[in-house]
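>>> need a structure here:
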Amino acid sequence: MDKHNEISIAHMSMIQGVVTRLETNSFTLKALAMTLAVAVLAFSGSVKNPNWVYPLAGCFPVFIFWIMDAKYLRMGRLFRRLFNSVRLGNIDAPFSMDIKPYMKEEQSVFRIAFSWSVCWFYLSIIIAFAVVSTNFFKQGGQ
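So this is what the prediction gives:
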């Protein structure tokens with residue numbers, strides 16, 4: 001194994017570590033969003049005088065988690081493009097972590113946020129909040 005291959009393998013290992021951390025962060029945001037949703041809905045159902053504002057207040061952090069998740073997913077895609085360039089031998093600078101050359105090729109954060117795999121997860125939480133809020137209106141809640 002020559003030196004270039006050893007450097008390329010080490011470089012790809014570094015990139016894979018970044019991709020793994022980004023994907024872990026994305027999963028953690030989904031878990032936090034679901035935990036928050038369950039907590040807000042449980043709280044809304046357990047108070048004596050429920051208010052329609054409680055479930056809607058949970059929407060703001062869910063939107064923040066949604067955008068952050070899309071950002072982590074985009075960054076992961078960019079680093080996978082860098083990984084592929086290293087694998088193909090298209091990177092001249094050893095151990096470069098520059099993802100800027102791939103930014104124009106990759107979808108925007110907004111587009112990723114509304115991809116089917118991300119959108120349905122967060123929309124289901126927001127729909128649950130909307131249904132609970134609507135039920136408070138029907139029941140004459142405050």
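>>> and the end-to-end length of stretch 85-96?
End-to-end span of stretch 85-96 (C-alpha to C-alpha, to the nearest Å): 11 Å.
>>> Give me the distance from that stretch to the chain's centre.
27 Å (C-alpha atoms, centre = their mean, to the nearest Å).
>>> Stretch 39-52 now?
Distance of stretch 39-52 from its chain centroid, counting by C-alpha atoms, centre = their mean, is 27 Å.
>>> Stretch 38-46 now?
Here stretch 38-46 is found 24 Å from its chain centre; the criterion is C-alpha atoms, centre = their mean.
>>> For this protein, which helix or strand comes out least confident on mean pLDDT?
In the chain, no helix or strand scores lower on mean pLDDT, DSSP states H and E than helix 53-57, which sits at a mean of 80.
>>> for that one, packing partners?
helix 3-46, helix 116-138 (3 or more C-beta pairs under 8 Å, 6 or more residues apart in numbering; DSSP states H and E). All C-beta atoms are positioned from the backbone trio N, CA, C, and that covers glycine.
>>> quick one: which of those is nearest Phe95?
Taking C-beta to C-beta, helix 3-46 is the member of those nearest to Phe95, at 5.3 Å.
>>> Next up, the contacts around Val62.
Residues counted as contacts of Val62 (C-beta atoms under 8 Å, 6 or more residues apart in numbering) are 33, 36-37, 122, 125-126, 129.
>>> Can you add distance to Tyr102 and give these back as JSON lines?
Putting the contacts of Val62 into JSON lines (distance: C-beta to C-beta, whole Å) gives the following:
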{"residue": "Ala33", "distance to Tyr102": "28"}
{"residue": "Leu36", "distance to Tyr102": "33"}
{"residue": "Ala37", "distance to Tyr102": "34"}
{"residue": "Tyr122", "distance to Tyr102": "25"}
{"residue": "Ile125", "distance to Tyr102": "31"}
{"residue": "Ile126", "distance to Tyr102": "31"}
{"residue": "Phe129", "distance to Tyr102": "36"}
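>>> quick one: which of those residues is nearest Leu73?
Proximity of the contacts of Val62 to Leu73 was ranked by C-beta to C-beta; the top entry is Tyr122 with 12.2 Å.
>>> Before I go, just wanted to say thanks for your time.
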